[in-house]
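Engineer: Attaching a predicted model along with its sequence, questions to come.
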Amino acid sequence: MSELRAAGLGVAYGETVAVRPLDLHVDSGRMLSVTGPSGAGKSSLLWALACAFRPAAASVTGTVRVDGSVLKDRDAAARAGVVLVPQRNGLSGTLSAEESILVPLLALGVPAREALRRVDESLTRVGLADSSRHLVDQLSGGQQQRVALARAFALRPAVLLADESTSDLDAGNRELMMAALREEADRGAAVVLATHDPEAAARTDATLALDEGESTGVREM
Ligand SMILES: Nc1ncnc2c1ncn2[C@@H]1O[C@H](COP(=O)(O)OP(=O)(O)OP(=O)(O)O)[C@@H](O)[C@H]1O
């Protein structure tokens, strides 16, 4: 069970203010969508929630807490179980789908047998069990999105931050991935999905709308 809370969270790139300080909270078991036009600040908000910015890359104000503990940096976020699926997936093109999932599990100290079990389970969940040996570069954009989500699911995140993770999917796979994200929430994760897609946003519990970096409020669905 995990609760995500941000207070006064803001992001600027030099003179460019990407996110004006905002508060948000996502309880365990809930899904929040972050919506807004291109450039509204959705990715910047998710990166700040994951404490993923290098200090030189952006100036971030405010605090992020998971279960009451302030996250100081990216390592602390990882230890708290915060997993970011970035907009461009963050996969290495030269690894296979299964290696993409296995490597971070082994790096975290998950025993090999359990890690391999999670690889199979998560690729099956996203409908890519038959593509496990394919290199990421040999997969379509939508298949790569599903591998990136499978990798996140295998990590059993406490907080799952998914950035446009359904944007390249056909309707059937979008449905499958939205159901999988809901399962993550049902398992106890706090889930945040940045999306342009009103149908995906409608499947979440609440929506935070951004406009030029400003929150225009949270609407319960
Ligand atoms: N590394 C960067 N350096 C400077 N400005 C940036 C950087 N990244 C983003 N920005 C600016 O910050 C603002 C918010 O960008 P961000 O990518 O967070 O928006 P977004 O809502 O995710 O957009 P999209 O829907 O197109 O992905 C934009 O004005 C963008 O140009």
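Structural biologist: On my side now, so go ahead.

Engineer: what are the ranges of the helices in this structure?
Structural biologist: Secondary structure of the chain by DSSP state H: the helices cover 42-49, 74-79, 97-107, 112-125, 141-154, 171-187, 198-202.

Engineer: Is the first one positioned near the ligand?
Structural biologist: Spelled out, it's helix 42-49. Yes - using C-beta under 6 Å from any ligand atom, helix 42-49 reaches the ligand at 42, 43, 44. The C-beta positions use only the backbone N, C-alpha and C, and glycine is treated the same way.

Engineer: Buried ones among the residues you listed?
Structural biologist: Among the residues of helix 42-49 next to the ligand, those buried by neighbour count (16 or more other C-beta atoms under 10 Å) are 42, 43, 44.

Engineer: which of these lies closest to residue 113?
Structural biologist: Within these, the smallest distance to residue 113 is 36.1 Å, found for residue 43 (C-beta to C-beta).

Engineer: my read: residue 133 touches residue 98, true?
Structural biologist: Yes - with contact defined as C-beta atoms under 8 Å, residue 133 and residue 98 form a contacting pair (6.8 Å).

Engineer: Residue 163 is nearest to which of the helices of the chain?
Structural biologist: Residue 163 lies closest, by C-beta to C-beta, to one member of the helices of the chain: helix 42-49, at 5.1 Å.

Engineer: If you average the pLDDT over the closest one, what comes out?
Structural biologist: Averaging pLDDT along helix 42-49 gives 98.
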